[in-house]
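# Using only what follows, build the 3D model:
(chains A and B, ligands or ions: 2)
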Amino acid sequence: MSGAETISWTPVRKAPSPLARLFDSKPFLIAICLLPAFGLLAVFLTYPLGLGIYLSFTDTKLGRPGVWVGLENFQYLLEDRVFLNAVWFTVFYTAVATVLKFALGLWLALLLNENLPIKSLIRAVILLPWITPTVLSAIAFWWIYDPQFSIVSYVLVDKLHILSSYIDFLGTPWHARWSLIVANVWRGIPFVAISLLAGLQTISPSLYEAAMLDGASSWQRFRKVTVPLLMPILAVVLTFSVLFTFADFQLVYAITRGGPINSTHLMATLAFQRGIPGAALGEGAAIAVSMIPFLILATLFSYFAIGQRKWQQGGSDE
Amino acid sequence: MAEVSIRDVRKAFGTTQILHGVSVEVADGEFAVLVGPSGCGKSTLLRMIAGLENVGRGEIAIGGRVVNNVAPKERDIAMVLQNYALYPHMTVRDNMAFSLTLANAPKAVQEQKVSRAAEILGLGSLLDRYPRQLSGGQRQRVAMGRAIVRDPQVFLFDEPLSNLDAKLRVQMRGEIKDLHQRLRTTTIYVTHDQIEAMTMADKIVVMQGGRVEQIGAPLDLYDRPANLFVAGFIGSPSMNFLKGTVQNGAFRFGDMMLPLPPGPGGSDGMAVTYGVRPEHWRLDDAGVASIVRLVEPTGSETQVVAEIGGQRVICAFRERVSARPGETLHISPDVMHTHLFDPSSGMRMA
Ligand SMILES: Nc1ncnc2c1ncn2[C@@H]1O[C@H](COP(=O)(O)OP(=O)(O)OP(=O)(O)O)[C@@H](O)[C@H]1O
Ligand SMILES: [Mg+2]
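Ligands and ions are numbered 1, 2, ... in the order given. Take a look at the predicted model:
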């Protein structure tokens, strides 16, 4: 050992500046990180929603501030046949379109989950309806449903000779309703199919092998393995699909504007119709507000449907 | 109860030939282990026996019945997959009872079979848990339980222990062997771990590159490996190989001579490979001189890495060795336990 004297040295830590201390404090960080989200939600969601709810209790007209009228708008709506018809059609539209979207979407997803030779091409084609702007596809459907130039009528009548006269797709209430549902299903399938495909691909192939060894037929493998394992994502996709369909506006407004004779009004289109072109802002707001309970119901349904699945939660043994 | 016959089975995926004619006979009640390096086609062969993979050419028979075109569920086999493949949405009980529900077995029968399997495997307290709530070893046991419940003719295991840590692996190894001793069901077990093969098997099938290299009882393979591959694959640390020639009834390499094993030794001047297992070297003042490179005492024995005539050998001595790297150690092989191979064909000569 050399006799050099040892230099005594202790690490000195500089006292952190007040700013650094501020950024070290958790409550402050939480607050500052939440601020932008809260701001956005407040400006773009809470304010319009609050305003809408407020308006629904007034008799505001376009260009004329209204006065508080309590539940009068709602009382009026309860006796309004057009409104009741819109409620009924919204529920019908949502139910039928959702069932069809899920049946076809699941079928497509199962198909795409198999090893098809041109899988990626089909997958790209399936996405097309989704990436087309709604209004554009609405215009396309307008042409498809045109009384004189409809390609469907042309094929059925002039080419295949199955029908003798052109179909008036949008001229009668039931034709118009089904035409809208078909358009909505066409537009909604990609979302369902691609989401469910993603869900299917998380299911390990070895589970199917195990089930095969356990003696399950292909239907049993679908029922006992695929469906239960797909349930969580199915519930989420179902909720979104129901919400989107229920609140649909663009397709209907662009194709039929609620006609003929108000038979295809959804609650959303009717609210707009009454509120903006009809200038009865208060009443339009009341129609929009009456959608809220339905939407909450749908959300709650999925919340509980997802919460039920105990097997997803790992680790906890009670 | 059933025997399994695999007769000249071949398999290709696309244009790549994976199995080149494999034939194995597994007797009724036997524990057969397929062992070989990764990618040699063990899983493929096992999946063909299970019916998850088509048999390309050749024949597979279970209990005398050719099953090439029989669906997996009709083969009366149970398979434990490498990742266990437990149904995540079913409890342990439902996982084990699944095959019985599919077969419409009465509730009482299901209950009885599941509790018997649970008892054998010590799963009684876990029956109401979901797979996510189990440890790796417990999952492994549930996968076995699922197989036991079915009372199959044949158990198939595909590397069931490779996901477990070393200690649990040793424990489960014992449990599987114990289970086989109790149930006496014909078992085919795939592993790439030669120690698992040695400790568990009645019969080992060593595979390489889609071919069977040797079939035999563990100690037969250890004592009389048929070729260089088996000699090097079975045993740990693996056999030492020295390259040299036969000269005057002895093995000559460099300027050193070692005695030949008894048996047909090959003609003078012939190139041969001489094999000695690490534990068959002994310290011998009259032996050949080796230069010590590394000494690794493990407590029960001492492993020494040394160099003889420029070739590296590993020796495992029972006695403690105090030599240091760079020193010279005189060693000689136990002649009764040496092996001689033809380096061109790789086959055993003596
Ligand atoms: N579906 C498949 N398509 C093409 N090649 C495959 C397929 N399955 C396996 N192979 C190939 O077959 C060979 C044997 O595979 P196998 O899974 O039987 O190996 P293994 O002996 O089980 O190996 P490991 O010990 O790694 O599990 C490998 O080369 C693999 O790449
Ligand atoms: Mg494998």
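# from the stretch 1-150 of chain A, which residue is nearest to chain B?
At 13.3 Å from chain B, A:N115 is the closest residue in the stretch 1-150 of chain A, using Cβ to the nearest Cβ. Where C-beta positions appear, they are placed from N, C-alpha and C, glycine not excepted.
# Which helix or which strand is home to that residue?
A:N115 is located outside every helix and strand, with elements delineated by DSSP states H and E.
# neighbours around it, how many?
6 (other Cβ atoms under 10 Å in any protein chain shown).
# any idea how far it is from A:I126?
A:N115 sits at a distance of 17 Å from A:I126 (criterion: Cβ to Cβ, to the nearest Å).
# Same check on B:A197?
Taken as Cβ to Cβ, the span from B:A197 to A:I126 is 49 Å.
# Looking at these two, which is more packed in?
Under the criterion of other Cβ under 10 Å, the comparison of B:A197 against A:I126 puts B:A197 first, with 25 against 19.
# Just confirm that one contacts B:V190, I think it does.
No. With contacts counted by Cβ atoms under 8 Å, B:A197 stays clear of B:V190, the gap being 9.6 Å.
# Quick check: neighbours shared by those two?
Here B:A197 and B:V190 have B:V33, B:V35 as joint contacts, going by Cβ atoms under 8 Å, 6 or more residues apart in numbering or on different chains.
# wait, what's in contact with the residue of the stretch 1-150 of chain A closest to chain B?
Shown in contact with A:N115 (Cβ under 8 Å, 6+ apart): no residues.
# low-confidence ranges in the chain?
Answering for chain A, as no chain was given. A:1-4, A:306-318 (pLDDT under 70).
# that's the wrong chain, I meant chain B
Low-confidence segments of chain B, defined by pLDDT under 70: B:1, B:265.
# For it, list the residues in contact with ligand 1, please.
Applying the criterion Cβ under 6 Å from any ligand atom, the portion of chain B that neighbours ligand 1 consists of B:F13, B:I18, B:G36, B:S38, B:G39, B:C40, B:G41, B:K42, B:S43, B:T44, B:H192.
# so of those, which ones are in strands?
Among the residues of chain B next to ligand 1, the ones falling in strands (DSSP state E) are B:F13, B:I18.
# Now go through the residues of chain B next to ligand 1 and say which are in helices.
Secondary structure assignment by DSSP state H places B:K42, B:S43, B:T44 of these in helices.
# Which elements pack onto the host helix or strand of A:W174?
Per DSSP H and E: A:W174 is located in helix A:173-201. In this structure, helix A:173-201 makes packing contacts with helix A:81-113, helix A:119-131, helix A:134-144, helix A:227-246, helix A:250-255, judged by 3 or more Cβ pairs under 8 Å, 6 or more residues apart in numbering or on different chains; DSSP states H and E.
# Find the one among the ones you listed with the highest mean neighbour count.
helix A:250-255 (a mean of 21; mean count of other Cβ atoms under 10 Å in any protein chain shown).
# next SSE after that one?
helix A:267-275.
# ok and that next one relative to helix A:81-113, angle-wise?
For helix A:267-275 and helix A:81-113, the angle between their directions (axes from the mean of the first three to the mean of the last three Cα atoms, to 10 degrees) works out to 140 degrees.
# Sort out which residues of helix A:267-275 are buried, please.
A:M267, A:A268, A:T269, A:L270, A:A271, A:F272, A:Q273, A:R274, A:G275 (16 or more other Cβ atoms under 10 Å in any protein chain shown).
# Identify the residues contacting it?
A:82-83, A:86-87, A:90, A:247-249, A:252-253, A:257-258, A:262, A:265, A:280-281, A:283-285, A:287-288, A:290-291.
# In the stretch 1-150 of chain A, what residue comes closest to ligand 1?
Proximity to ligand 1, evaluated over the stretch 1-150 of chain A using Cβ to the nearest ligand atom, is greatest for A:N115 at 10.7 Å.
# Please enumerate the helices of the stretch 201-350 of chain B.
In the stretch 201-350 of chain B, helices defined by DSSP state H, counting those that start in this stretch lie at B:218-223, B:228-233, listed in chain order.
# and if you look at the stretch 1-150 of chain B?
Counting by DSSP H, counting those that start in this stretch, the segments of the stretch 1-150 of chain B that form helices are B:42-50, B:92-102, B:107-121, B:136-148.
# count of neighbours near the closest residue to ligand 1 within the stretch 101-250 of chain B?
Of all residues in the stretch 101-250 of chain B, B:H192 sits closest to ligand 1, at 4.3 Å by Cβ to the nearest ligand atom. Using other Cβ under 10 Å, B:H192 is surrounded by 19 other residues.
# how about the residues of chain B near chain A?
Contact residues, chain B versus chain A (Cβ under 8 Å from any Cβ of the partner chain): B:50-52, B:72-73, B:77-79, B:81, B:83, B:85-90, B:98-99, B:102-103, B:129-133, B:146, B:150.
# Pull out the buried members of the residues you listed.
Once neighbours are counted (16+ other Cβ under 10 Å), the buried part of those comes down to B:50-52, B:72-73, B:77-79, B:81, B:83, B:85-90, B:98-99, B:102, B:129-133, B:146, B:150.
# Find the residue at the geometric middle of the chain.
Assuming you mean chain A. In chain A, the centroid-proximal residue (Cα atoms, centre = their mean) is A:F244; its distance is 3.0 Å.
# looking at chain B here, not the other one
Nearest to the mean C-alpha position of chain B, by Cα atoms, centre = their mean, lies B:A197 at 2.9 Å.
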